[in-house]
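> Take a look and give me a structure for this.
(chains A and B)
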Protein chains: 2
Amino acid sequence: MNRTRSKLYLIPTPVYRQKDNQTLPEYTLSVARSLSVFVVEKVQPALSFLQWIDHPMKDFELTLRVLNKKTPDHEVAGFLKLFEQGDVGLMSDAGAPAVADPGSKLVKLAHERGIEVIPLTGPSSILLALMGSGLEGQRFSFDGYLPLDDKKRVQRIQDLEKRSLTETMTQIIMETPHRNHMLFELLLSTLEPETHLCVACNLTAPDGWIRTSRVYEWQQQPQPDLQQKPALYLIFKSS
Amino acid sequence: MNRTRSKLYLIPTPVYRQKDNQTLPEYTLSVARSLSVFVVEKVQPALSFLQWIDHPMKDFELTLRVLNKKTPDHEVAGFLKLFEQGDVGLMSDAGAPAVADPGSKLVKLAHERGIEVIPLTGPSSILLALMGSGLEGQRFSFDGYLPLDDKKRVQRIQDLEKRSLTETMTQIIMETPHRNHMLFELLLSTLEPETHLCVACNLTAPDGWIRTSRVYEWQQQPQPDLQQKPALYLIFKSS
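Predicted structure coming up:
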């Protein structure tokens, strides 16, 4: 395996694909165009991404393997064979691969086998949200989704708020788009009035926006339109 | 202020500036080139960055204000006047502004005054390291620098290791380049042998690399060359 010196490239992909690419460096595009073997979270978004960047090969000339949360470990191990064909690209549905998605399993295996791993620059809503929040950026935590159970959900929000205070740390959570409004209301009713809440909605899209206010200020305003849009929520309580 | 509709653009800058830019999207470059007013962490790196991207204006035509950790709050408040001149760009020495640097103070003020904040895509060693680590990416925490005191340092490493296990969470820390070797040795002598340790060194530079191994595997290998290079350390213990 080591003799082939094939590499694993991690290719970020934008959520929103405007006609003129605003988020991918030319180098990331050129690496993606040079590869013919990909491990992807879902086939259709991957093919549409490759088409969007004008990949020179036709769909049937490409090798695509699916790695999602249902992929059993032995199948992931089988992907190592792909490196005999050459360099491999890893892509998730959108955003930075291996962050908040199952792609990290392949990256971990690559390290175990001595395959060089090369992460490429591109958009990550988590990082863009943190930059744009104005909240504590020296220390932060990405906590993913909240529990589905209502009681546990409230408890978790309170825990995160407390931790942001005791550890001077911005806490970042996400939600599936159709539950955005429910989560937003729950945050307003659960967090302390003085706590800072940042909402980052559909960043990098033309209608994307990011806003930080204290909870009591959000309560005084009309609810923002979060309908079916990817959003992140950042919580910070200061003393 | 609101009438001018000036915006605050957050402009990531690469640590390593190779002749051909590999990390900045053309859109980020074009925004940076269109601005003449900047708030920067340090003047010299900012000017050299602007020169590197072929900014069309001469140094003396630009307005540059310094925002670093010593800048008093009233001076940061004074930067709001800059928005009367037009859009403002925020840059740190290297990487994503307002992440692990004091720029977030200006972003926070912008939100308070209703100024639109637009984070642009570019390189972040924290995110690249997480992507490339193969460690848990569903939940992670950036913890910044360890305490300087030796005893507290060891305690903190043990706390982070424990937390990575109990919360299934990758823990990311950083170190100033001249202390890399000391920290690396301390990590090897403090962490459990089975714990995963990822070292991400000088990512995006030609000699950059990232490697994840268990602690006992690192111990069996020659120490990597971390001399004077920016590095991040990712810790993950699984049950």
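> Am I right that residue A:235 is in contact with residue A:190?
No - contact criterion C-beta atoms under 8 Å: residue A:235 and residue A:190 do not qualify, at 10.0 Å. Quick note: C-beta positions are derived from backbone N, CA and C, even for glycine.
> Settle it for me: which of these two has more neighbours?
Ranked by neighbour count (other C-beta atoms under 10 Å in any protein chain shown), residue A:235 and residue A:190 place residue A:235 first, with 26 against 17.
> which residues are common contacts for residue A:235 and residue A:190?
A:157, A:161 (C-beta atoms under 8 Å, 6 or more residues apart in numbering or on different chains).
> can you tell me which residues contact residue A:14?
A:21, A:22, A:23, A:24, A:94, A:122, A:123, A:204.
> What is the nearest of those to residue B:200?
residue A:122 (16.7 Å; C-beta to C-beta).
> Check the burial of the closest residue to that closest one other than its chain neighbours by counting its neighbours.
Distances taken as C-beta to C-beta, 6 or more residues apart in numbering or on different chains put residue A:12 closest to residue A:122, at 2.6 Å, once the chain neighbours are dropped. Residues near residue A:12, counting by other C-beta under 10 Å, number 26.
> is it true that residue A:12 touches residue A:97?
Yes - contact status for residue A:12 versus residue A:97: in contact at 6.7 Å, counting by C-beta under 8 Å.
> Can you check which residues contact both of these two?
Joint contacts of residue A:12 and residue A:97 (C-beta under 8 Å, 6+ apart) are residue B:131.
> Show me where chain A has its helices.
A:26-34, A:43-52, A:73-78, A:104-112, A:125-133, A:150-166, A:180-190, A:215-220 (DSSP state H).
> Determine how far the last residue of stretch A:119-126 lies from the first.
Distance between the boundary residues of stretch A:119-126 (C-alpha to C-alpha, to the nearest Å) amounts to 16 Å.
> An error on my part: the question was meant for stretch A:25-41.
End-to-end for stretch A:25-41, by C-alpha to C-alpha: 22 Å.
> Can you point out the buried residues in it?
A:25-29, A:31-32, A:35-41 (16 or more other C-beta atoms under 10 Å in any protein chain shown).
> Residue A:208 - nearest residue in space that isn't next to it in sequence?
Using C-beta to C-beta, 6+ apart, the nearest residue to residue A:208 is residue A:202, at 4.2 Å.
> again, but for residue A:238
residue A:165 (7.0 Å).
> Go ahead and confirm that neighbour touches residue A:237.
Yes - the pair residue A:165 and residue A:237 qualifies as a contact (C-beta under 8 Å) at a distance of 4.3 Å.
> more crowded one of the two?
Remark: of residue A:165 and residue A:237, residue A:237 carries more neighbours, 22 against 16, as counted by other C-beta under 10 Å.
> and stretch A:200-213, how far apart are its ends?
End-to-end distance for stretch A:200-213, by C-alpha to C-alpha: 12 Å.
> picking that back up, will you turn the contacts of residue A:14 into CSV that also has distance to residue A:231 and neighbour count?
Formatted as CSV, those follow (distance: C-beta to C-beta, whole Å; neighbours: other C-beta atoms under 10 Å in any protein chain shown):
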residue, distance to residue A:231, neighbour count
A:21, 23, 19
A:22, 19, 21
A:23, 18, 26
A:24, 22, 25
A:94, 14, 22
A:122, 20, 29
A:123, 15, 26
A:204, 13, 23
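> How about residue A:101: what's its closest non-neighbour residue?
Closest to residue A:101 by C-beta to C-beta, 6+ apart is residue A:92, at 4.2 Å.
> spatially speaking, which residue is in the middle of chain A?
Nearest residue to the geometric centre of chain A (C-alpha atoms, centre = their mean): residue A:95, 4.6 Å.
> my guess is that residue meets residue A:125, correct?
Yes - between residue A:95 and residue A:125 there is a contact at 5.9 Å, judged by C-beta under 8 Å.
> Name all residues that make contact with the residue nearest to residue A:238.
So residue A:165 contacts A:237, A:238, A:239 (C-beta under 8 Å, 6+ apart).
> per-domain residue ranges of chain A.
A:2-119, A:125-236 (automatic domain parsing).
> who wins for proximity to residue B:114 among these?
Closest of the domains of chain A to residue B:114 is domain A:125-236, at 9.1 Å (criterion: C-beta to C-beta).
> Count the neighbours of residue A:230 for me.
21.
> what are the phi and psi angles of it?
phi -60, psi 130 (degrees, to the nearest 10).
> quick one: pLDDT of it?
Looking at residue A:230, its pLDDT stands at 93.
> can you check residue A:170 too?
So residue A:170 comes in at 98 (pLDDT).
> since we're on it, how many residues are nearby?
Counted with other C-beta under 10 Å, residue A:170 comes out at 27.
> Tell me if I'm right that it and residue A:143 touch.
No - Residue A:170 is beyond contact range of residue A:143, at 10.6 Å (criterion: C-beta under 8 Å).
> And residue A:59, how far from residue A:48?
10 Å (C-beta to C-beta, to the nearest Å).
> any idea how far residue A:172 is from residue A:149?
21 Å.
> who's more crowded, these two?
residue A:172 (26 against 10).
> Counting neighbours, what do you get for the residue nearest to the more buried one when sequence neighbours are not counted?
Leaving out its chain neighbours, the residue that sits closest to residue A:172 by C-beta to C-beta, 6+ apart is residue A:142, at 4.7 Å. Applying other C-beta under 10 Å, we find 26 residues neighbouring residue A:142.
> which ones are touching residue A:142?
A:100, A:126, A:172, B:139, B:140, B:141.
> confidence score at the spatially closest residue to the second one that is not a sequence neighbour?
Sequence neighbours aside, residue A:142 is the residue nearest to residue A:126 in space, at 5.5 Å (criterion: C-beta to C-beta, 6+ apart). At residue A:142, the pLDDT value in this model is 97.
> before we move on, back to that, what sits in contact with each of residue A:95 and residue A:125?
Common neighbours of residue A:95 and residue A:125 (criterion: C-beta under 8 Å, 6+ apart): residue A:15.
> and of the contacts of residue A:165, the nearest to residue B:215?
Nearest to residue B:215 among the contacts of residue A:165: residue A:237, at 35.0 Å, using C-beta to C-beta.
> need the contact list for the closest one.
Counting by C-beta under 8 Å, 6+ apart, residue A:237 has contacts A:161, A:162, A:164, A:165, A:191, A:192, A:194, A:195, A:196.
> I'd like to know how far it sits from chain B.
For residue A:237, the distance to chain B equals 14 Å [C-beta to the nearest C-beta, to the nearest Å].
> Give me the neighbour count for the closest residue to residue A:177 other than its chain neighbours.
Excluding its sequence neighbours, the residue lying closest to residue A:177 (C-beta to C-beta, 6+ apart) is residue A:228, at 4.7 Å. Neighbour count for residue A:228, taken as other C-beta under 10 Å: 11.
> thought residue A:228 was touching residue A:175?
No - between residue A:228 and residue A:175 there is no contact under C-beta under 8 Å: 11.6 Å.
> and residue A:200, what does it touch?
A:125, A:128, A:129, A:132, A:133, A:209, A:210, A:231, A:232, A:233, A:234.
> Okay, and the beta partners of it?
In this entry, residue A:200 is beta-bridged to residue A:210, residue A:232, by DSSP bridges.
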